[in-house]
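[1] next come a sequence and a model predicted from it.
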Amino acid sequence: MRSAGPSGGSRVPERGRILANLGAVSLRRGDVGDAGFWADKALEEMDARPGDDPDARLTADWVRLEVARAGTGADRDLGRISDTLQKFDRSAEHSIALKGGDHPAAIAARRALATVRRSTRSGCACC
């Protein structure tokens, strides 16, 4: 039996959350390669364990989406962008349903979704 997290409330392993946060930090530092690596590891960890951490999954899916969008020219894979967008959309909707539409994380998720959808439709090469 797994023990609860430090706060006593979470039964989901902290490793997935830590890995997702490493991905987000790497992305913010501009290290897209490391960001994708850590986000992938986070999702592997979360998929291998029972339970779910909606915030960690949302973070990891957001990082994967931003990594997919970071490609330019021949490296820009629209199929990958579409796939990661769908996964981020599911994570965002799940988070919004749990937290409510007025929660700051829900607002940030909706904003990120709108930004990606707008840039994807416009064919913006910068996003």
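    Sure thing, it's come through.

[2] and the helix or strand harbouring residue 114, how far out from the chain's middle?
    Assigned by DSSP states H and E, residue 114 belongs to helix 104-122. Chain-centre distance of helix 104-122: 12 Å, with CA atoms, centre = their mean, to the nearest Å.

[3] longest helix anywhere in this structure?
    For the chain, the helix with the greatest residue count under DSSP state H is helix 78-99.

[4] what's near enough to touch the residue lying closest to residue 58 once chain neighbours are set aside?
    Counting by CB to CB, 6 or more residues apart in numbering, residue 58 lies nearest to residue 91, which is 4.4 Å off, once chain neighbours are set aside. C-beta here means a position set from N, CA and C on the backbone, and glycine is covered the same way. Residue 91 makes contacts with 54, 57-58, 61-62, 109, as judged by CB atoms under 8 Å, 6 or more residues apart in numbering.

[5] now neighbour count, distance to residue 21 and pLDDT too, for those residues, in CSV please.
    CSV is the format used below for these (neighbours: other CB atoms under 10 Å; distance: CB to CB, whole Å; pLDDT from 0 to 100):
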residue, neighbour count, distance to residue 21, pLDDT
54, 17, 14, 88
57, 25, 12, 94
58, 24, 12, 93
61, 25, 13, 96
62, 25, 12, 94
109, 23, 16, 86
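
[6] now for the residues you listed: which two are most distant?
    The span of these, defined through CB to CB, is set by 54 and 62 at 12.2 Å.

[7] if we can go back for a sec, using CSV, list the CA coordinates for the longest helix of the chain.
    C-alpha atoms of helix 78-99 as CSV (Å, rounded to 0.1, in the frame of the first residue of the first chain):
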residue,chain,number,x,y,z
LEU,A,78,1.2,19.6,-37.4
GLY,A,79,0.0,16.1,-36.6
ARG,A,80,2.0,16.1,-33.4
ILE,A,81,0.7,19.5,-32.5
SER,A,82,-2.9,18.3,-33.0
ASP,A,83,-2.3,15.2,-30.9
THR,A,84,-0.7,17.1,-28.0
LEU,A,85,-3.5,19.8,-28.3
GLN,A,86,-6.1,17.1,-27.9
LYS,A,87,-4.4,15.6,-24.9
PHE,A,88,-3.9,19.1,-23.3
ASP,A,89,-7.6,19.9,-24.0
ARG,A,90,-8.7,16.7,-22.2
SER,A,91,-6.4,17.5,-19.2
ALA,A,92,-7.7,21.1,-19.1
GLU,A,93,-11.3,20.1,-19.2
HIS,A,94,-10.8,17.5,-16.5
SER,A,95,-9.0,20.2,-14.3
ILE,A,96,-11.8,22.7,-15.0
ALA,A,97,-14.4,20.2,-14.0
LEU,A,98,-12.6,19.4,-10.8
LYS,A,99,-11.7,23.0,-9.8
